[in-house]
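Enquirer: Would you be able to build a 3D model of this:
(2 chains)
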Amino acid sequence: MANVSIRELNKKYDNGFHAVKDVSLEIRDKEFLVLVGPSGCGKTTTLRMVAGLEEITSGEIRIGDQVVNELPPMDRNIAMVFQNYALYPHKTVFDNMAFGLQMRGYAKEEIAKRVREAAEILGIEPLLARKPRQLSGGQRQRVAVGRAIVRHPQVFLFDEPLSNLDAKLRVQMRVELKRLHERLETTAIYVTHDQVEAMTLGDRVVVMKDGRVQQVGEPLELYGSPANRFVAGFIGSPAMNFVDVAISAAGDALWAEAQGLRVRVPTELAERVRPNAGKRLTLGVRPEALRLANGGDPAEYTFGSAVDVIEPLGNEILLNFRAGGVPMVARVDPGVRLKAHEAVRFALDPDRLHFFDAKTETAL
Amino acid sequence: MLIERKWKKWVYFYLPMAAFILFTLFPFYWMAVTAFRPDPELYRTWRQPSATPLWTLEPTLEHVKGLLQTTAFPQWLWNTMAIAIVSTAISLICGMFAGYALARLKFRGSEFLGTAIFITYLVPQTLLFIPLADIIRDMQLGNTPWALMLTYPTILIPFCTWLLMGYFKTIPKELEECARIDGATRFGAMVRIIFPVAVPGILSAGIFAFTLSWNEFIYALVFMASAEQKTVPVGVVSELIRGDIFFWGQLMAGALLGSVPVALVYSFFVEYYVTGLTGSVKG
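Expert: From the prediction side, this is the model:
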């Protein structure tokens, strides 16, 4: 068990591509940390540097108290699960799981005991004599996880381990991984491009973009108070709606205006928005912060539009419409009955509005 | 509709296929028939009413016996076998390491080196034997098996390297990364994981190298002088054609016996061989 500490980590490839820029992270003992971001954001490179598979250009990685920058992968006491599972095709499941222990010179009985334990946890005991090509995708995934846990490593590294599974299996394995982590209580770093996986698995989530950390926080913290427009748009599905608005002051009140849209800036945000009076900002509204207006809603938080596409999903309905010159989505109660192109009024939840600087894109 | 398809399949598939098989197998058949044909049948004209050019009614083993008893053929067979095995082994070992290095290690000039090795493969043997003969003479290896065991790898190593480099590239690099995390060194991961996984590729490279050295003619002709040091392809041609007399029966018997080991090797490993040339590895 160990904490992992990453300081000012940089990776520059020979072709000049700067994949990871000044990444600093403190991963606590037994924590499940998820790195998430679009492809090419440097999350996998960061993970591979922790594993020792990629050279570090500058910066420092510590596992426990030890600086591991120069240590080969075998001496870092880590285990990694790869996206394509990377099972050894010529070895049986048992030998796949035993390989790491054999390399470290464990006694035969100890190896058999540990493999059986891990197989039991993962429910793959009947498969121990098979070769990887005789296994389904889900079974291979389990073997790959089993191979990681037999070694009792200090840190687990997961590189998009669920991406090759079909949607249903992915949800199931997600839950199993979470359960497994609670049982094993081992520090884990998990890379994914899927924000749902990140939110459900992570004790904390790191959002990355273009090699830089955008925000680190607990899942609900990222969701509720995103640090910038990128995080706000990346976390949550459907994504947050963004409207360019002009800020104007009228007496005490501040107003955010766009075409067909006039919203009063809530008092809690007024302090931070006021210096931008007369300028343009980006207003962010999550689809679930929008609903159909009823008669009692205050006029400064409602606006009119016409729904063009209705997507009934069963547990909720997504309404697509245009407001402020951009397409927007609202997530409403499944009981709502509407026809396409019907004129409606929407109400905004004033407590769940976000304002972002138009240039720097940071949250106000 | 169905009937139409059936005749189309015959015309476009079975007939051309049959013609192709006939065309490729006929020389082998001719070789076999001639090897077992008695001399009187061999040396009479085709115009005779009793001539049966496509088969024989009195098969005989006299040519095979003559070949094994009166010529150095058994020695040639042994020479060829030993030379082919040693040169294949040398080439495979070098090819495996070089192929792995070119496929996996990033070092300065690795691409140039890969191309350079390929270019050496393109230099024709008919040119290369001249400088090689000089070297062989300087090292006083002429007329010893080592002359061939050490010169065959000059063609075989580039070939094995390229074939294996291509095969190693199809093996997911995560396999060895995982092995290195599991506690293997880079070398250990290569030997314990990559080589076993690459067995189909290694076998096809080996079979190819073995066949090439088994059939090689020019170097064997130039570097080997005495009759008992010769290999099958050279021995058969140089010792069984005396002046302008062709000992057809023994020639064909020699060719037949000489091709049997190669055919055996192929038929044993044909499945590996096909996956080695066409297939890839799934993790």
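
Enquirer: Sketch out the low-pLDDT regions of the chain for me.
Expert: In the absence of a named chain, chain A is used. A:1 (pLDDT under 70).

Enquirer: The intended chain is chain B.
Expert: B:1-4, B:276-283.

Enquirer: Pop the domain breakdown of it in here.
Expert: Using automatic domain parsing, the domain ranges for chain B come out as B:2-35, B:62-278.

Enquirer: Output these in TSV, with distance to A:Leu184 appended to each entry.
Expert: Any C-beta I mention is one placed from the backbone N, CA and C, and that applies to glycine too. Formatted as TSV, the domains of chain B follow (distance: least, C-beta to C-beta, whole Å):
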stretch	distance to A:Leu184
domain B:2-35	59
domain B:62-278	17
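
Enquirer: show me the contacts for B:Ala255.
Expert: B:31, B:35, B:236 (C-beta atoms under 8 Å, 6 or more residues apart in numbering or on different chains).

Enquirer: can you tell me the helix or strand for it?
Expert: Per DSSP states H and E, B:Ala255 falls inside helix B:248-278.

Enquirer: taking the contacts of B:Ala255 one by one, which sit in helices?
Expert: B:31, B:35, B:236 (DSSP state H).

Enquirer: Kindly indicate which of these lies nearest chain A.
Expert: B:Met31 (40.1 Å; C-beta to the nearest C-beta).

Enquirer: What segments of chain B are strands?
Expert: B:241-242, B:245-246 (DSSP state E).

Enquirer: now these in JSON lines, with distance to chain A and mean neighbour count?
Expert: Below are the strands of chain B laid out as JSON lines (distance: least, C-beta to the nearest C-beta, whole Å; neighbours: other C-beta atoms under 10 Å in any protein chain shown):
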{"stretch": "strand B:241-242", "distance to chain A": "49", "mean neighbour count": "12"}
{"stretch": "strand B:245-246", "distance to chain A": "51", "mean neighbour count": "10"}
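
Enquirer: closest one to B:Pro27 among those strands?
Expert: In terms of C-beta to C-beta, the element of the strands of chain B nearest to B:Pro27 is strand B:245-246, at 16.3 Å.

Enquirer: Pull up the pairing partners for that closest one, direction included.
Expert: When sheet partners are counted by DSSP bridges, strand B:245-246 sits next to strand B:241-242 (antiparallel).

Enquirer: Name the surrounding residues that touch the strand it pairs with.
Expert: B:247, B:251.

Enquirer: now that strand, how far from the centre of its chain.
Expert: In terms of C-alpha atoms, centre = their mean, to the nearest Å, the centre of strand B:241-242 is set 26 Å apart from its chain centre.

Enquirer: same thing with stretch B:128-147?
Expert: The answer for stretch B:128-147 is 22 Å, by C-alpha atoms, centre = their mean.

Enquirer: okay, that stretch in PDB with CA atoms only?
Expert: Extracted in PDB, the C-alpha atoms of stretch B:128-147 (Å, rounded to 0.1, in the frame of the first residue of the first chain):
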ATOM      1  CA  LEU B 128      28.400 -11.800 -54.600                       C
ATOM      2  CA  PHE B 129      30.100 -15.200 -55.100                       C
ATOM      3  CA  ILE B 130      33.200 -13.500 -56.600                       C
ATOM      4  CA  PRO B 131      34.300 -11.500 -53.500                       C
ATOM      5  CA  LEU B 132      33.000 -14.300 -51.300                       C
ATOM      6  CA  ALA B 133      35.300 -16.700 -53.100                       C
ATOM      7  CA  ASP B 134      38.200 -14.500 -52.300                       C
ATOM      8  CA  ILE B 135      37.300 -14.300 -48.600                       C
ATOM      9  CA  ILE B 136      36.800 -18.100 -48.500                       C
ATOM     10  CA  ARG B 137      40.200 -18.600 -50.000                       C
ATOM     11  CA  ASP B 138      41.900 -16.200 -47.600                       C
ATOM     12  CA  MET B 139      40.300 -17.900 -44.600                       C
ATOM     13  CA  GLN B 140      41.300 -21.300 -46.100                       C
ATOM     14  CA  LEU B 141      37.800 -22.600 -45.800                       C
ATOM     15  CA  GLY B 142      37.500 -23.800 -49.400                       C
ATOM     16  CA  ASN B 143      36.300 -27.300 -49.900                       C
ATOM     17  CA  THR B 144      35.100 -27.600 -46.300                       C
ATOM     18  CA  PRO B 145      31.400 -27.500 -45.200                       C
ATOM     19  CA  TRP B 146      32.100 -24.300 -43.300                       C
ATOM     20  CA  ALA B 147      32.500 -22.500 -46.600                       C
END
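
Enquirer: Enumerate the positions of that stretch that are buried.
Expert: B:128-129, B:132-133, B:136, B:141-142, B:145-147 (16 or more other C-beta atoms under 10 Å in any protein chain shown).

Enquirer: out of those, what pair is the most spread apart?
Expert: The widest separation within the buried residues of stretch B:128-147 (C-beta to C-beta) is 19.3 Å, between B:Leu128 and B:Pro145.

Enquirer: what about the longest helix in chain A?
Expert: Under DSSP H, chain A gives helix A:167-184 as its longest helix.

Enquirer: next SSE after that one?
Expert: strand A:187-192.

Enquirer: which strands and helices sit next to that following strand?
Expert: strand A:32-36, helix A:43-51, strand A:155-159, helix A:195-201 (3 or more C-beta pairs under 8 Å, 6 or more residues apart in numbering or on different chains; DSSP states H and E).

Enquirer: Tell me which residues are up against the third one.
Expert: What it means is strand A:155-159. A:2, A:4, A:44, A:47-48, A:50-51, A:63, A:76-83, A:148-149, A:177, A:181, A:186-191.

Enquirer: From those, list the buried ones, please.
Expert: Looks like the contacts of strand A:155-159 have A:2, A:4, A:44, A:47-48, A:50-51, A:63, A:76-83, A:148-149, A:177, A:181, A:186-191 buried, using 16+ other C-beta under 10 Å.

Enquirer: and chain A, which residues reach chain B?
Expert: By C-beta under 8 Å from any C-beta of the partner chain, the residues of chain A that approach chain B are A:51-53, A:72-74, A:76, A:78-80, A:82-90, A:99-100, A:103-104, A:132-133, A:147, A:151.
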